[in-house]
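1. With the input below, show me the fold.
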Amino acid sequence: MPYAAQSEIATEKDAFEKDGKDFIEITEEQYLAAIEGMQEGLAVTIVDGFKVAAPPPPPPPPTPPPPTDEELSAMAMAQRDQALAVAAIRIAPLQDAMDLGKATPAKTALLKKWKEYRIDLDDVPDQEGFPQVIDWPVAPS
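-> Residues are numbered from 1 along each chain as shown. Modelled structure (predicted):
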């Protein structure tokens, strides 16, 4: 006589007894239906009696925990540091023009905006609500 356990079938009950698995006795027809169903991707279940059906969907992945304040702070500081690096690249040629007396009024005004932006970036960690709430300064255009 064949036997079924959760997701398994066997012709001998010893296969389940030695592993301590719950199993039930099934008919030859049920055994053949289980083999055919398993070949088609179905699963054997013995919960509430023998069945061959679609396997249950996998559980949804666990929701990751929200980031800690330390993680938020580290992410914000990395973003700030990247923006500071961009600001330094934009400021350098404008500052060179100032230092060499070649700055136009437009370059002088743009240099001031970039320096103000850089100061605002540096002040991001001092904002109220940091790191959960950040009012990011807007880069000059």
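
2. show me where pLDDT drops low in this structure?
-> Nowhere does the chain drop to pLDDT under 70.

3. at 80 what do you get?
-> 1, 18-19 (pLDDT under 80).

4. Going along the chain, name the strands of it.
-> Secondary structure of the chain (DSSP state E): strands at 3-5, 8-10, 23-25, 43-45, 51-53.

5. Pick the most deeply packed of the ones you listed.
-> Most buried of these, by mean neighbour count (mean count of other Cβ atoms under 10 Å): strand 3-5, with a mean of 21. Every residue, glycine included, has its C-beta placed from N, CA and C.

6. what helices or strands is it leaning on?
-> Judged by 3 or more Cβ pairs under 8 Å, 6 or more residues apart in numbering; DSSP states H and E, the packing partners of strand 3-5 are strand 8-10, helix 14-17, strand 23-25, helix 28-39.

7. from the chain's centre, how far out does the last one sit?
-> So that's helix 28-39. 40 Å (Cα atoms, centre = their mean, to the nearest Å).

8. With the first one instead?
-> Relative to the chain's own centre, strand 8-10 is displaced by 38 Å; criterion: Cα atoms, centre = their mean.

9. Mind giving me the packing neighbours of it?
-> strand 3-5, helix 14-17, helix 28-39.

10. in the longest helix seen in the chain, what counts as buried?
-> Using DSSP state H, we find that the single longest helix of the chain is helix 69-99. By neighbour count on 16 or more other Cβ atoms under 10 Å, the buried set for helix 69-99 is 72, 76, 80, 83, 87, 90-91, 94-95, 97.

11. list the contacts for residue 13?
-> The neighbours of residue 13, taking Cβ atoms under 8 Å, 6 or more residues apart in numbering as the test, are 3, 23, 25.

12. so the nearest residue to residue 12 once chain neighbours are set aside bridges to which residues?
-> In this structure, residue 12 finds its nearest non-sequential neighbour in residue 3, 7.3 Å apart by Cβ to Cβ, 6 or more residues apart in numbering. Taking DSSP bridges as the rule, residue 3 bridges to residue 10, residue 25.
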